[in-house]
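[1] fold the following for me, if possible:
(one chain, ligands or ions: 1)
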Amino acid sequence: MKITILTMFPKLFDSFREGPVVQRAIRKGSLELTVVDIKDFAPGSFRHIDDSPFGGGAGMVMRCQPVLDALRSVRGSAERGSAVSSRSTIVAALSPAGRPFTQKEAHRLSQVSHLILICGHYEGMDERIYRHVDEEISIGDYVLTGGEIAAMAVSDAVIRLLPGALRSESTSEESFENGLLEYPQYTQPAVYEGEAVPEVLLSGNHARIRCWRLKESLRRTLERRPDLLEGRQFTEEEIALLEEIKKDAR
Ligand code: ADE
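    You can find the predicted model right below:
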């Protein structure tokens, strides 16, 4: 897939691009990552990207022309190919007013052939820019200075799902993948400062280990994120484990 990021601060993405997962995805041919500097599309020596809001008020608003010219330049080059790739291009703007980003959304976006992310700044972007945007994405209920960190968070979650991005195909057991938080993990030594690893994990009994992990995933989710369990379909095994968890708590 292709990910194109439109930003006024392209340098912020230099170390993101160098990360091992991004590099592996590029090497394996699963990812093409392009960062476009919106300033290159602003005319004049001042590279005038923002202006004060009509109607007054604090802050500055990103102007239509540089953002939309930058967008047209990347759409043009991406969509000259097949009709298929143009159908699966998504233009998303990062914004605290967007739809909450979740693991499910990461899976959906990992299926598109070209994801274009626009990083907003200042007090926001001219509303007319949003006519060219398919969706708005928020990474949480807080306000960042700009969309760059949000674009990195979204890209990271998407890229690690691409074929070959991770060294082991280990995403299926992670938090959220089965609607539950991940179970606790341990590594050497078996005893650290008097605290021992749960005995079951040293037993070599894979059926017991699987059952323990499922129970701990359920326990954690119940304690920390009960909202994730609402409306979830439980298997018979999970219902029995939830009963045990309730008994353990008594
Ligand atoms: N830009 C500023 N805050 C943001 C947020 N919470 N999510 C996405 N983009 C943002």
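[2] mind listing what the most centrally placed residue in the chain touches?
    The chain has Val154 as the residue nearest its centroid, 2.7 Å off, counting by Cα atoms, centre = their mean. Residues near Val154 by Cβ atoms under 8 Å, 6 or more residues apart in numbering: 92, 94, 101, 106, 109, 117, 137, 139. All C-beta atoms are positioned from the backbone trio N, CA, C, and that covers glycine.
[3] just the ones of those residues in strands?
    92, 94, 117, 137 (DSSP state E).
[4] doesn't Asp156 make contact with the third one?
    No - counting by Cβ atoms under 8 Å, Leu117 does not reach Asp156; the two are 11.8 Å apart.
[5] and these two? which has more neighbours close in?
    Between Leu117 and Asp156, Leu117 has the larger neighbour count (other Cβ atoms under 10 Å), namely 25 against 14.
[6] please tell me how far the more buried one sits from Leu33.
    Using Cβ to Cβ, to the nearest Å, Leu117 is found at 11 Å from Leu33.
[7] now the common contact residues for these two.
    3-5, 155.
[8] burial of Ile38, as a residue count?
    Around Ile38 there are 24 residues (other Cβ under 10 Å).
[9] residues in contact with it?
    Ile38 touches 6-8, 49, 66-67, 70, counting by Cβ under 8 Å, 6+ apart.
[10] same check, this time on Asp40
    Asp40 touches Ala70, counting by Cβ under 8 Å, 6+ apart.
[11] roughly how far does it sit from Ala70?
    Distance, Asp40 to Ala70, using Cβ to Cβ: 7 Å.
[12] from the ones in strands among the contacts of Val154, pick the one nearest the ligand.
    Closest approach to the ligand among the ones in strands among the contacts of Val154 (Cβ to the nearest ligand atom): Leu94, at 3.6 Å.
[13] ok, which stretches of this structure are helices?
    14-18, 20-27, 64-79, 83-87, 103-110, 148-159, 206-224, 236-249 (DSSP state H).
[14] ok, which of those helices comes nearest His121?
    helix 148-159 (8.4 Å; Cβ to Cβ).
[15] average model confidence for the closest one?
    For helix 148-159, mean pLDDT rounds to 98.
[16] now do stretch 213-232
    Per-residue scores along stretch 213-232 average to 97.
[17] domains of the protein?
    What automatic domain parsing lists as the domains of the chain is 2-159, 191-249.
[18] in JSON lines, list these along with distance to the ligand.
    Compiled in JSON lines, the domains of the chain are given as follows (distance: least, Cβ to the nearest ligand atom, whole Å):
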{"stretch": "domain 2-159", "distance to the ligand": "3"}
{"stretch": "domain 191-249", "distance to the ligand": "19"}
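[19] where among those domains is the average confidence lowest?
    When I compare the domains of the chain, domain 2-159 is least confident, with a mean of 92.
[20] I'd like the contacts of Ile38 written out as CSV, with neighbour count added.
    Shown next, in CSV, are the contacts of Ile38 (neighbours: other Cβ atoms under 10 Å):
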residue, neighbour count
Leu6, 26
Thr7, 24
Met8, 23
Ile49, 20
Pro66, 22
Val67, 26
Ala70, 24
